[in-house]
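*Asks:* Following is a predicted model, sequence given first.
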Amino acid sequence: MIRFFLAVLLGGVGLFAVGFGMWGFLPLYVEAKFHPFKNLEKLEKFETVKEALKDVETGVYHYPFMYESKDFWTDEAKQAAFQEKSKSGPLMQVFVQRQGVDGKDPMTMVPGAIHCLIAAFLMGFLVKSAGLDNFFSRWGFVAVAGLLLAVWAPGNAYAWMHMPQEYVQFDAAYTFAAWLVAGFFLAMGTGVNSEEEP
């Protein structure tokens, strides 16, 4: 059991490290076109956009928006207006966190660390429940599960939310890489025989 929880801990650290590296440090050392985030402040009318969002409540905002009224699916005029906005673009999804975050506060990392540990525990539980008898089969199990996660969530964002392709590809690569690293540690501590060595 100690071996299992140690593997979960190391797996969680692996998830956190890959995420921190790819989303936090990588943009500083690679060409901007390789990383999916764009600098909003470079927009010519950034201050106007910022001022417009200043008093908006925390939430996720979409444009164009089809759910303003319950009769959308029966009102042809509203459907036509939505279709016209969709065709002409741009499509927008804006995440607003009104209260802001202190980027220097170490506590901002805690929710992410807890998230990684919970995910590693759940994946470790799945691997252990599978009863696979050698290290590489367990690592392969996590790799395939990571590939599934990399296809499902980012792919869903691309197919239904029209997220830009470069963002989706980067997110998928990050997800798979994170689970590949975490899977190495989880595979070492989830064997049927707790004393098994990889």
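*Replies:* Here it is on my side, so go on. This is a predicted model, so every value here is computed, not measured. Numbers count the residues shown, from 1 in each chain.
*Asks:* Grab the CA positions of the lowest-mean-pLDDT helix or strand in the chain and hand them over as CSV.
*Replies:* Least confident element among the helices and strands of the chain, by mean pLDDT, DSSP states H and E: helix 26-29 (a mean of 73). Coordinates of each C-alpha in helix 26-29 appear next as CSV, following Å, rounded to 0.1, in the frame of the first residue of the first chain:
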residue,chain,number,x,y,z
LEU,A,26,7.8,26.7,-22.7
PRO,A,27,6.3,29.9,-24.0
LEU,A,28,9.4,31.8,-22.8
TYR,A,29,11.8,29.7,-24.9
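*Asks:* Distance from the chain centre to the very next helix or strand once past that helix, please.
*Replies:* Counting by DSSP states H and E, the next helix or strand C-terminal to helix 26-29 is helix 46-53. Here helix 46-53 is found 26 Å from its chain centre; the criterion is Cα atoms, centre = their mean, to the nearest Å.
*Asks:* does the spatially most central residue of the chain sit in a helix or strand, and which one?
*Replies:* Geometric centre of the chain, nearest residue: Asp171, 6.3 Å, by Cα atoms, centre = their mean. Here Asp171, judged by DSSP H and E, is contained in helix 165-188.
*Asks:* Check which residues of that helix are buried.
*Replies:* Residues of helix 165-188 classed as buried: 167-168, 170-172, 174-188 (neighbour count, 16 or more other Cβ atoms under 10 Å). The way it works is simple: take the backbone N, C-alpha and C, and place the C-beta from them, glycine included.
*Asks:* Give me the distance between the residue nearest to the centre of the chain and Leu15.
*Replies:* 14 Å (Cβ to Cβ, to the nearest Å).
*Asks:* the strands in the protein, which residues?
*Replies:* Remark: strands assigned in the chain by DSSP state E are 59-63, 92-96.
*Asks:* how big is the angle separating the last one from helix 46-53?
*Replies:* Angle of strand 92-96 versus helix 46-53, following axes from the mean of the first three to the mean of the last three Cα atoms, to 10 degrees, is 70 degrees.
*Asks:* Could I get the CA-only coordinates of strand 92-96 as CSV?
*Replies:* Extracted in CSV, the C-alpha atoms of strand 92-96 (Å, rounded to 0.1, in the frame of the first residue of the first chain):
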residue,chain,number,x,y,z
MET,A,92,-15.6,34.2,-29.3
GLN,A,93,-15.4,32.4,-26.0
VAL,A,94,-14.2,34.7,-23.1
PHE,A,95,-13.2,33.5,-19.7
VAL,A,96,-13.6,36.2,-17.1
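*Asks:* Show me what that strand is packed against.
*Replies:* Packed against strand 92-96 by the contact rule (3 or more Cβ pairs under 8 Å, 6 or more residues apart in numbering; DSSP states H and E) you find strand 59-63.
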